[in-house]
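A.B. asks: with the sequence up front, the predicted model follows.
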Amino acid sequence: MERLVPLAALGFALLTGCQPALPPTTVALIVVDTLRADHVGAYGSPWKLTPHLDAIAEEGVVFSDAVATSSWTRSSVASMLTARYPSSIQVFGRDHALAPSVTTLAEVLKEQGYATLAVSSNANAGALYGFARGFDHFTTPELTRSYPDDLPIHTAEGVTTKALELLDQREEPGPVFLFLHYIDPHDPYLPQPGILDEEEPAGRFDGSRRDLHRMDRAQDLTDEDRERIRFLYRGEIRYCDRWIGALLRGLEERELLDDALLVITSDHGEGLWDHGVRAHGRDLYEEMIRVPLIVRPARASAMRFPIRVDTPVSLRDIAPTILDAAAANAPESFRGRSLWPLIDGSRANAAEPLFSELQLDHRHFAAVRDGDVKLIENRLAAAGSAALELYDLSRDPGEQVSLATVEDASARELLDTLNRWTQSMADGAVEGTSINASSLDEATLENLRALGYLGAPSSDTDVASVIDFADPDHAADQLISGFYEIENQRRWMTDEASVLLGRSAEHTKWQLEGWIDLDLVGVNPLVLDVRVDGKPADQRVIDGSGFFLLSGALPPASGASQLQLDIACNADFVPAHRRDSPDERHLCTIIRSVGLR
């Protein structure tokens with residue numbers, strides 16, 4: 001454990017032992033979405049993007065090697081709040097939610113007498129997926145920004161403003177737990193003019209959702225193209241840090257800061273092309289799962305800060321650490337460990353294997369880290385391709401040269417550890433819960449689309465597997481018939497429509513996302529018959545107006561790389577330019593995306 005130079009006359013510390021002397025009156029768990037550790041000053045970043053986070057680090061503990069349990073939001077945040085790995089609580093797919101049987105950090109703190117308040121700008125870990133359980137108030141910020149024609153993004157200013165409002169609206173003072181989820185470094189990357197002391201590179205793509213769709217498929221990216229996106233990403237971090245500073249000032253003005261336990265982390269990182277990928281949720285390399293974890297304890301004592309803990313730790317340890325500080329017993333369902341013994345030195349070297357996992361969009365990766373040695377397994381690797389990658393992070397922190405072929409004994413040993421862990425997760429897993437996206441409200445769907453969680457292509461086949469009408473470069477030549485009048489990131493669909501889609505072996509279902517006003521057209525219910533390559537129809541019924549997300553199973557793959565999806569409905573809808581008279585029913589089924597998953 002390496003100690004940094006302490007600040008003179010400052011320091012928030014612990015008495016000797018495994019937890020703070022007194023429970024904190026304020027606990028703030030702050031998640032900055034998509035924040036790579038190497039972009040934080042306390043972790044060696046050269047860009048000076050995070051002066052407020054760095055100041056907190058100077059008054060507390062920096063965990064230099066914190067590992068997320070997954071590389072996408074819902075799985076990772078679920079682990080933070082339940083102290084369990086995603087597979088043990090069955091939260092890893094896009095339709096998975098926290099099961100009612102899983103105890104959350106907020107529920108425990110509420111039983112301890114804490115008011116529980118949450119402001120989240122990411123619906124992917126929102127109330128409709130079970131993350132509001134245990135909170136007295138779980139809300140989204142009101143302030144938004146966007147590129148022209150892009151969907152709005154909730155801003156850091158909105159998160160901080162709403163958090164302080166909730167504190168002011170409490171009827172009586174008392175202990176409070178704040179969970180704040182800032183989204184800003186997540187794509188789309190909004191411009192923050194003048195916030196960085198550097199000139200914006202002249203790349204061809206901005207950070208909008210539309211441009212990112214084009215960029216992620218481009219085959220001729222230049223260094224300037226990539227550097228412009230990295231520049232915008234850095235600007236979003238600096239902007240978010242500024243509003244975290246405003247939060248700290250607000251806590252201080254309300255006399256809540258001195259006695260506050262602050263825990264600051266991220267759910268995952270961002271690829272930024274370190275391994276050829278711009279975004280996240282694609283693999284388990286370090287740029288995806290190594291995140292900041294800063295703990296600033298409440299109460300001053302003789303212990304000197306800052307402290308740096310170099311023992312690798314997992315984000316599933318956050319909830320037990322907070323409960324330890326609050327003098328609350330962790331429930332039996334929690335599997336993480338409190339980090340206080342690492343802070344006070346009573347367990348300075350008690351390292352244990354750490355695991356991360358990703359099961360999303362036809363990707364299945366698992367990773368195990370034992371000290372500096374890390375194994376990544378691609379559990380869907382094609383025959384003949386490399387399923388295992390082995391790295392010594394002390395010599396190769398960028399994971400550039402896999403040792404799996406030259407150190408097979410080490411790989412086999414870690415693979416055995418990984419397989420035993422996988423079996424233990426399956427043996428102790430809870431019964432999962434799924435959410436039908438057709439039940440999500442319009443605001444949630446809009447937020448999920450704005451952040452790219454709906455409508456993203458999932459295949460590298462020559463024929464697109466997903467046609468997303470929000471993308472101006474969508475594969476219009478694959479629309480065989482029945483889709484008309486592109487408008488406002490969507491298309492109208494007539495009573496019969498057909499589309500050609502690329503299929504790979506991993507695809508198991510078709511998916512259709514859209515909107516319908518049944519009252520306007522006088523049809524209820526609307527019945528859709530969906531045929532795949534002429535096979536018997538898969539019937540779906542829409543019996544309410546609003547957004548819908550329909551899906552169905554695909555027949556076994558025949559080896560063909562494409563298929564035809566035919567959609568027919570029980571009403572005669574006619575586009576305006578084809579109507580013979582005003583009395584003909586006008587077209588009203590709106591499609592946002594159609595594709596395979």
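C.D. replies: Perfect, I can see it now.

A.B. asks: show me where the stretch 401-550 of the chain has its strands.
C.D. replies: 433-434, 466-468, 479-484, 491-502, 509-516, 526-532, 538-542, 546-553 (DSSP state E, counting those that start in this stretch).

A.B. asks: who touches the third one?
C.D. replies: It refers to strand 479-484. Strand 479-484 has contacts (C-beta atoms under 8 Å, 6 or more residues apart in numbering) with 467, 491-500, 564, 567, 575, 587, 591. Quick note: C-beta positions are derived from backbone N, CA and C, even for glycine.

A.B. asks: which one of those residues is nearest to G546?
C.D. replies: When those are compared for distance to G546 (C-beta to C-beta), I591 wins out at 14.3 Å.

A.B. asks: hang on, the earlier thing: can you list the strands of the stretch 401-550 of the chain in CSV and add mean pLDDT, mean neighbour count and distance to D211?
C.D. replies: Converted to CSV, these look like this (pLDDT from 0 to 100; neighbours: other C-beta atoms under 10 Å; distance: least, C-beta to C-beta, whole Å):
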stretch, mean pLDDT, mean neighbour count, distance to D211
strand 433-434, 82, 16, 33
strand 466-468, 86, 23, 14
strand 479-484, 73, 18, 23
strand 491-502, 79, 21, 21
strand 509-516, 87, 21, 21
strand 526-532, 86, 19, 32
strand 538-542, 86, 16, 33
strand 546-553, 86, 18, 25
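
A.B. asks: would you turn those into CSV with distance to L256?
C.D. replies: Below are the strands of the stretch 401-550 of the chain laid out as CSV (distance: least, C-beta to C-beta, whole Å):
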stretch, distance to L256
strand 433-434, 35
strand 466-468, 44
strand 479-484, 54
strand 491-502, 51
strand 509-516, 43
strand 526-532, 52
strand 538-542, 48
strand 546-553, 40
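
A.B. asks: R210 is nearest to which of the ones you listed?
C.D. replies: Closest among the strands of the stretch 401-550 of the chain, using C-beta to C-beta: strand 466-468, at 10.0 Å.

A.B. asks: circling back: which among the strands of the stretch 401-550 of the chain is found nearest to P193?
C.D. replies: Closest among the strands of the stretch 401-550 of the chain, once you apply C-beta to C-beta, is strand 466-468, at 29.0 Å.

A.B. asks: returning to that earlier point: nearest to R214, of the strands of the stretch 401-550 of the chain?
C.D. replies: Closest among the strands of the stretch 401-550 of the chain, once you apply C-beta to C-beta, is strand 466-468, at 11.7 Å.

A.B. asks: so which bits of the helix or strand hosting R234 are buried?
C.D. replies: In this assignment (DSSP states H and E), R234 forms part of helix 223-253. Using 16 or more other C-beta atoms under 10 Å as the test for burial, helix 223-253 gives 225-226, 228-248, 250-251.

A.B. asks: what about L257, distance to L167?
C.D. replies: Here L257 is placed at a distance of 12 Å from L167 (C-beta to C-beta, to the nearest Å).

A.B. asks: er, W340 I mean
C.D. replies: For W340 relative to L167 (C-beta to C-beta), the value is 26 Å.

A.B. asks: settle it for me: which of these two has more neighbours?
C.D. replies: For the pair W340 and L167, the greater number of neighbours falls to W340 (21 against 18), based on other C-beta atoms under 10 Å.

A.B. asks: so who does A328 touch?
C.D. replies: 23, 108-109, 111-112.

A.B. asks: I'd like the next helix or strand past the helix holding R234.
C.D. replies: Taking DSSP H and E, what comes next after helix 223-253 is strand 260-265.

A.B. asks: what ranges do the helices span in the stretch 251-400 of the chain?
C.D. replies: Here the stretch 251-400 of the chain has its helices, by DSSP state H, counting those that start in this stretch, at 286-289, 318-325, 340-344.

A.B. asks: which one of those helices lies closest to D427?
C.D. replies: Here helix 318-325 is closest among the helices of the stretch 251-400 of the chain (C-beta to C-beta), at 21.4 Å.

A.B. asks: contacts for the closest one, please.
C.D. replies: Residues contacting helix 318-325 (C-beta under 8 Å, 6+ apart): 18-20, 23-24, 27, 29, 80-83, 105, 108-109, 261, 263, 265, 293, 295, 297-298, 329-330, 334, 336-340.

A.B. asks: which residue, neighbours along the chain excluded, lies closest to D533?
C.D. replies: L563 (5.0 Å; C-beta to C-beta, 6 or more residues apart in numbering).

A.B. asks: re earlier: out of the contacts of A328, list just those in helices.
C.D. replies: Secondary structure from DSSP state H places 108-109, 111 of those in helices.

A.B. asks: out of these, which is most surrounded?
C.D. replies: L109 (25 neighbours).

A.B. asks: for that residue, give me its contacts.
C.D. replies: 27, 116, 134, 177, 322-323, 326, 328.

A.B. asks: so can I have a markdown table of those residues showing pLDDT and distance to D187?
C.D. replies: As requested, those are arranged in a markdown table below (pLDDT from 0 to 100; distance: C-beta to C-beta, whole Å):
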| residue | pLDDT | distance to D187 |
| --- | --- | --- |
| V27 | 97 | 30 |
| T116 | 97 | 30 |
| G134 | 97 | 30 |
| F177 | 98 | 29 |
| I322 | 96 | 29 |
| L323 | 96 | 34 |
| A326 | 93 | 35 |
| A328 | 93 | 37 |
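
A.B. asks: from T116, how far off is the nearest residue to L105 once chain neighbours are set aside?
C.D. replies: Leaving aside its chain neighbours, L105 sits nearest to A319 (4.2 Å; criterion: C-beta to C-beta, 6+ apart). For A319, the distance to T116 (C-beta to C-beta) stands at 13 Å.
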